[in-house]
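Visitor: Next one to model:
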Amino acid sequence: MTFLYVVIGLTLVFDFINGFHDSANSIAAVVSTKVLSPLSAVAMAAFFNFIAFTVFPLNVAHTIGGKVVNPDIINLTVIGAALVAAITWNLVTWWLGLPSSSSHTLVGGLVGAAVASSGFGAVNLAGVMLIVMFIFIAPLLGMVLSFILSSGIMWLFRKLSPSAVDKYFRRFQLVSASAFSLGHGGNDAQKSMGIIWAALIVSGLATKKDPIALWIILSCQTSIALGTLFGGWRIVKTMGQRITKLKPFEGFCAETAGSITLFMATHFGIPVSTTHTITGAIIGVGARKGASAVKWGVTTKIFWAWILTIPVSGVIGGIMYLIFNWIS
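Guide: Residues are numbered from 1 along each chain as shown. Down below sits the predicted model:
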């Protein structure tokens, strides 16, 4: 029972770091366009992160809790090892200023620890492959939507002066940034809910048919909101300025495209990366101005962080499981 409390504590730490690490996704565009101050932006993002459970069904939590690894086979040691792996990779990429995926580091850690514990039979291959596919689908969808939105808005407002367009979209961007923060809280906090729910199942304190308790929902939404409130400023700089320079209407298009992608994924229970989604959307609005408007050297480094996240986290998760198992 004591280790169950440790696992729950680690999950909430991961959730906090997730919010801290991914806060840049929610606020980079609105801060970089100077629509909001950094403090106002993180406060707004934290609020919408917290209330997301009132909007979205808990489909992503059920995916993480039962469709990545089999809770009938794994144990608390597997979950604990996966969480340590996820926290470690999140901190490393935060320190390096790389917008990697908290979602995929958790999935990688779970898969690596489960394989070290019980072999590949503990892994739900179909569930993992769906998540891997969305490493490419989510940013591509965000990119296409933001390209179409920004092109359409440029045509609709073609008779207005640039200053008039900026004036309108400084207001509109408050809505788009709020929507993206809502989508972030809806998709990402549910991943931690799924982990705690799985921990209760393997401990015999819940079954797969039980609903996720309200205390789990509130604690996870609170943790991610607090993490967002503290912010991850190293990554804000990468997301907001190093990929492409954003104007308010471009920030609106990127956030709106990202929100649509997140809302769809959360509805269908697909754990996607908010990092991948908003990065693709920012590239999309940059690409509308021409290939030279996107700083592809920075983008290439980000892509490598995406590709390496699951396998590196898997290796760390497997090693941590062996260490925990040896200690116990």
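Visitor: Low-confidence stretches in this structure?
Guide: In the predicted model, the chain carries pLDDT under 70 at residues 1, 24-25, 97-99, 231-245, 290-302.
Visitor: got the buried residues for stretch 8-23?
Guide: In terms of neighbour count (16 or more other C-beta atoms under 10 Å), stretch 8-23 has its buried residues at 8, 10-23. (C-beta placed from N, C-alpha, C; glycine too.)
Visitor: Out of the residues you listed, which comes closest to Ile283?
Guide: Using C-beta to C-beta, Asp22 comes nearest to Ile283 of the buried residues of stretch 8-23, at 17.6 Å.
Visitor: Confirm Leu149 sits in a helix?
Guide: Yes: Leu149 forms part of a helix when assessed by DSSP: H, G, I helix; E, B strand; the rest coil.
Visitor: Was I right to think it contacts Gly251?
Guide: No: here Leu149 lies out of contact with Gly251, judged by C-beta atoms under 8 Å, at a distance of 11.4 Å.
Visitor: Between the two, tell me which one has more neighbours.
Guide: More neighbours surround Gly251 than the other of Leu149 and Gly251, with 28 against 23 (other C-beta atoms under 10 Å).
Visitor: Can you tell me which helices and strands the host helix or strand of the more buried one packs against?
Guide: Element membership of Gly251 [criterion: DSSP states H and E] is helix 248-267. Packing contacts for helix 248-267, counted by 3 or more C-beta pairs under 8 Å, 6 or more residues apart in numbering; DSSP states H and E, involve helix 2-32, helix 59-66, helix 125-156, helix 162-202, helix 274-287.
Visitor: Checking the residue of the chain most remote from its centre next. Helix, strand or coil?
Guide: Taking C-alpha atoms, centre = their mean, the residue of the chain most remote from its mean C-alpha position is Lys159, at 37.8 Å. Classification of Lys159 using three-state DSSP returns coil.
Visitor: do Ile212 as well
Guide: Here Ile212 is coil, with the state taken from three-state DSSP.
Visitor: which residues sit in contact with it?
Guide: By C-beta atoms under 8 Å, 6 or more residues apart in numbering, the residues touching Ile212 are Leu58, Ala61, Met193, Trp197.
Visitor: ok, so what distance separates the last one from Thr11?
Guide: When you say that, I think you mean Trp197. Trp197 sits at a distance of 10 Å from Thr11 (criterion: C-beta to C-beta, to the nearest Å).
Visitor: likewise the third one?
Guide: Distance from Met193 to Thr11, counting by C-beta to C-beta: 9 Å.
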